[in-house]
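Asker: predicted model, plus sequence, below.
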Amino acid sequence: MRIVVLHSDVGADAPPDELETLTTADAVARALRNTGHFAALAPFPASLEGVRKILDAVRADAVFNMVESVFGQDSLAAMAPSIFERLSISYTGSAAAPIALAGDKPLAKRVLRAAGLPTPDWSEPPSWDGLEGATPYIVKSATEDASLGLDDGALVRGRMALSERFRHARELHGGRWFAEAYVEGREFNVALLEDQGGLRALPIPEMCFEDWPAMKPRIVGYRAKWEEGADEAVKTVRAFGLEQQEPDLARALTDLACEAAHLFGIGGYARVDFRVDGHGRPTILEINPNPCLEPNSGFAAAARQAGFSYDAMIGSILAAAARRDPTRIYPTFPSQAAPAA
């Protein structure tokens, strides 16, 4: 197949969470080439005609969608699959609607709650309806990923402290913010990969907080994800083996993740993030239709635990896109090399 790996258009001075998009796109392109496909890299031009020109130049069979933000806004990521659909080109991952729905976290929580799936309580400005004064809350971005603004100061109690943190986040980062009840407990990530026509859960890692200071909030914040060498990064350790050690909990997390994915109409791959409280009750924090695919990411680590090489994982995501488009017949290998876009 002839593939265009379209990624977010980020500058050289972008923060590390955005720059990672470029390194991941390179890794995806290498994996595609390793398995016999032609792969061209290009930044997403944020216009129908711009995308059409790239597809025509490469004579593309499909797009590997690595667009996580548009104009630096995660909330606009659904623009990419919307354009792909308009141009009738196959693409990897979820459609526009699931990406838009999951990308609006308070709205996603409403959908989960309406379907009877567990998610922590939350409150939104300006009324902060339902806010419980004694409950600790995490102030989170409503639309941005990558743990934007998530640090120890994001955990607050009481309306006054919450309002102050909300104003601080708005002034520093802009955008919409809300408060989610903090669940003291264990953290798990369930990676889902479409394989042979259905979503399957990969081995489940627990994010363990090793040698964590007693009074420090147990959250995987921005420093833990993006500042290599920081204490938070070193001391948040991914551990597998839940299926053997606690099979009932593993089944509960898997069932909830698959229910949420089907509810949202997820395709290709996804990650569902959980907290499990002290009574062993799982609750869904977020659904990520386009989780990080960097070779050292949690998703890739889970795929390796399931026996997938990185190349095979990328190939499975591409195969899922091809299966969803019955009008096309794809060769296994390109007939000839094409010039890069």
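Answerer: That came in fine, so what should we check first? Since we're looking at a predicted model, the values are computed, not measured.

Asker: and residue 187, backbone torsions?
Answerer: Note on residue 187: backbone dihedrals following degrees, to the nearest 10 are phi -120, psi 130.

Asker: might you report the residue contacts of it?
Answerer: Shown in contact with residue 187 (CB atoms under 8 Å, 6 or more residues apart in numbering): 206, 207, 218, 220, 273, 274, 275, 276. C-betas here are computed from N, CA, C, even on glycine.

Asker: 7 Å instead, please
Answerer: Residues in contact with residue 187, defined by CB atoms under 7 Å, 6 or more residues apart in numbering, are 206, 207, 220, 275.

Asker: before we move on, what about residue 180?
Answerer: Residue 180 touches 120, 122, 137, 138, 140, counting by CB under 7 Å, 6+ apart.

Asker: pretty sure the third one contacts residue 162?
Answerer: Yes: between residue 137 and residue 162 there is a contact under CB atoms under 7 Å: 5.9 Å.

Asker: more neighbours: which of those two?
Answerer: residue 137 (26 against 21; other CB atoms under 10 Å).

Asker: in its sheet, what does the strand or helix carrying the more buried one sit against?
Answerer: Assigned by DSSP states H and E, residue 137 belongs to strand 136-141. Strand 136-141 has its sheet partners listed here by DSSP bridges as strand 155-157 (antiparallel), strand 177-181 (antiparallel).

Asker: where do the strands of this protein begin and end?
Answerer: Taking DSSP state E as the test, the strands found in the chain are 2-7, 38-43, 62-66, 90-91, 122-123, 136-141, 155-157, 177-181, 185-195, 198-201, 206-209, 236-239, 269-277, 282-288.

Asker: kindly reformat those as a markdown table containing mean pLDDT and distance to residue 322.
Answerer: Shown next, in a markdown table, are these (pLDDT from 0 to 100; distance: least, CB to CB, whole Å):
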| stretch | mean pLDDT | distance to residue 322 |
| --- | --- | --- |
| strand 2-7 | 96 | 11 |
| strand 38-43 | 96 | 15 |
| strand 62-66 | 96 | 7 |
| strand 90-91 | 95 | 6 |
| strand 122-123 | 94 | 38 |
| strand 136-141 | 94 | 34 |
| strand 155-157 | 92 | 44 |
| strand 177-181 | 95 | 38 |
| strand 185-195 | 94 | 11 |
| strand 198-201 | 90 | 15 |
| strand 206-209 | 92 | 33 |
| strand 236-239 | 91 | 31 |
| strand 269-277 | 96 | 14 |
| strand 282-288 | 96 | 23 |
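
Asker: check contacts around the most centrally placed residue in the chain.
Answerer: Central residue of the chain (CA atoms, centre = their mean): residue 291, 2.7 Å from the mean position. For residue 291, the contacting residues are 270, 271, 299, by CB under 7 Å, 6+ apart.

Asker: what do you get if the cut-off is 6 Å, keeping everything else the same?
Answerer: 271, 299 (CB atoms under 6 Å, 6 or more residues apart in numbering).

Asker: tell me the pLDDT at it?
Answerer: Here, the pLDDT recorded for residue 291 equals 93.

Asker: and for residue 127, the neighbour number?
Answerer: 8.

Asker: could you check how far it is from residue 179?
Answerer: 12 Å (CB to CB, to the nearest Å).

Asker: now do residue 58
Answerer: Taken as CB to CB, the span from residue 58 to residue 179 is 45 Å.

Asker: tell me which helix or strand of the protein sits lowest on mean pLDDT?
Answerer: None of the helices or strands of the chain scores lower by mean pLDDT, DSSP states H and E than helix 222-226, at a mean of 75.

Asker: for the strands paired with strand 136-141, which one sits closest to residue 28?
Answerer: strand 177-181 (31.5 Å; CB to CB).

Asker: now neighbour count and distance to residue 96 too, for the contacts of residue 187, in JSON lines please.
Answerer: JSON lines is the format used below for the contacts of residue 187 (neighbours: other CB atoms under 10 Å; distance: CB to CB, whole Å):
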{"residue": "206", "neighbour count": "20", "distance to residue 96": "32"}
{"residue": "207", "neighbour count": "18", "distance to residue 96": "30"}
{"residue": "220", "neighbour count": "18", "distance to residue 96": "28"}
{"residue": "275", "neighbour count": "22", "distance to residue 96": "29"}
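
Asker: nice, that's everything, thank you.
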